[in-house]
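> how does the following fold in three dimensions:
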Amino acid sequence: MFSIGDTVIYGSYGICKITGVQDMTLGAEPHAYYVLAPVYEDNATFYLPVGNEKAEGKLRRILSTDEIYKLIKEMPNEGTIWVPNDNERREQYRRILSGSSRSALVQLIKTLYQHGEDLKGAGKSGRLTASDDRFLKDAEKALYDEFAHVLGIPRDEVLPLVTQLIEENEGALGLG
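Residues are numbered from 1 along each chain as shown. I've put the predicted structure just below:
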């Protein structure tokens with residue numbers, strides 16, 4: 001159960017604030033709906049039926065500051081998840097984007113970034129396929145928007161902060 005004022009992630013739509021609960025009649029009977037206002041979009045509002053498991057399953061809580069810093073610290077240890085078959089890869093990456101695992105998002109970003117670097121090293125353009133590029137952008141948006149919101153920083157400062165924290169952590173461990 002969520003409350004008015006909670007900040008949540010709503011599916012692929014991103015960070016939303018629950019601004020109210022409103023009774024609406026869309027069928028025969030009136031029902032209570034959460035009113036969701038996206039944080040990074042001004043012209044959208046979503047309505048989700050209260051008590052509907054399937055609908056509420058698309059809502060997930062945002063990470064705490066401590067959880068974000070822990071995730072950043074663990075990023076260098078995350079593996080990659082390249083799937084050679086295009087159809088299988090698209091299906092796996094869709095599941096990751098619709099899921100709630102931030103570690104899987106990190107793996108997805110890391111995998112596609114590394115694949116682009118491998119393409120460059122092989123003398124190719126270094127360009128991902130259109131669908132892989134879209135998955136990379138969607139994964140970065142999902143993760144970076146959440147980090148930016150929770151940490152109270154602009155989205156374009158997320159990657160430099162992550163890089164800095166990883167380098168500092170490696171230096172503290174004598175790995176740098």
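
> drop to CA atoms for contacts and neighbour counts, all remaining ones
Noted.

> does anything pack onto the host helix or strand of residue 145? Which helices or strands?
Following DSSP states H and E, one finds residue 145 within helix 130-151. Counting contacts by 3 or more Cα pairs under 8 Å, 6 or more residues apart in numbering; DSSP states H and E, helix 130-151 packs against strand 14-25, helix 65-74, helix 86-98, helix 102-121, helix 158-172.

> can you give me the mean pLDDT across that helix?
Per-residue pLDDT over helix 130-151 has a mean of 95.

> what does it contact?
12, 14-15, 62-65, 68, 90, 93-94, 97, 102, 105-106, 108-109, 112-113, 154-155, 157-159 (Cα atoms under 8 Å, 6 or more residues apart in numbering).

> any idea which element the residue of the chain positioned farthest from its centre lies in?
The C-alpha centroid of the chain is most remote from residue 28, which lies 36.3 Å away (Cα atoms, centre = their mean). Using DSSP H and E, residue 28 sits in no helix or strand.

> quick one: pLDDT of it?
pLDDT, residue 28: 83.

> over to residue 126?
On the pLDDT scale, residue 126 gets 67.

> what sits against the residue farthest from the centre of the chain?
Residue 28 neighbours (Cα under 8 Å, 6+ apart): none.

> separation between the residue nearest in space to the middle of the chain and residue 72?
Nearest to the geometric centre of the chain sits residue 142, at 2.7 Å (Cα atoms, centre = their mean). From residue 142 across to residue 72, the span is 15 Å (Cα to Cα, to the nearest Å).

> next: residue 4.
For residue 4, the distance to residue 72 - Cα to Cα - is 30 Å.

> these two: which is more packed in?
residue 72 (19 against 13; other Cα atoms under 10 Å).

> what's the domain layout of the chain?
Domain ranges of the chain: 7-61, 65-172, per automatic domain parsing.

> give me phi/psi at the closest residue to residue 17 other than its chain neighbours?
What sits nearest to residue 17 in space, not counting adjacent residues and going by Cα to Cα, 6 or more residues apart in numbering, is residue 7, at 4.4 Å. Backbone torsions of residue 7, given as degrees, to the nearest 10, read phi -100, psi 130.

> is it true that residue 60 touches residue 6?
No - Residue 60 is not in contact with residue 6 according to Cα atoms under 8 Å; the separation is 10.5 Å.

> pLDDT below threshold where in the chain?
126, 171-176 (pLDDT under 70).

> let's see that with 50 instead.
176 (pLDDT under 50).

> what comes up buried for the helix holding residue 145?
Buried positions in helix 130-151, judged by neighbour count with 16 or more other Cα atoms under 10 Å: 132, 135-136, 138-140, 142-149, 151.

> got the angle between that helix and helix 65-74?
Between helix 130-151 and helix 65-74, the angle comes out at 140 degrees (axes from the mean of the first three to the mean of the last three Cα atoms, to 10 degrees).
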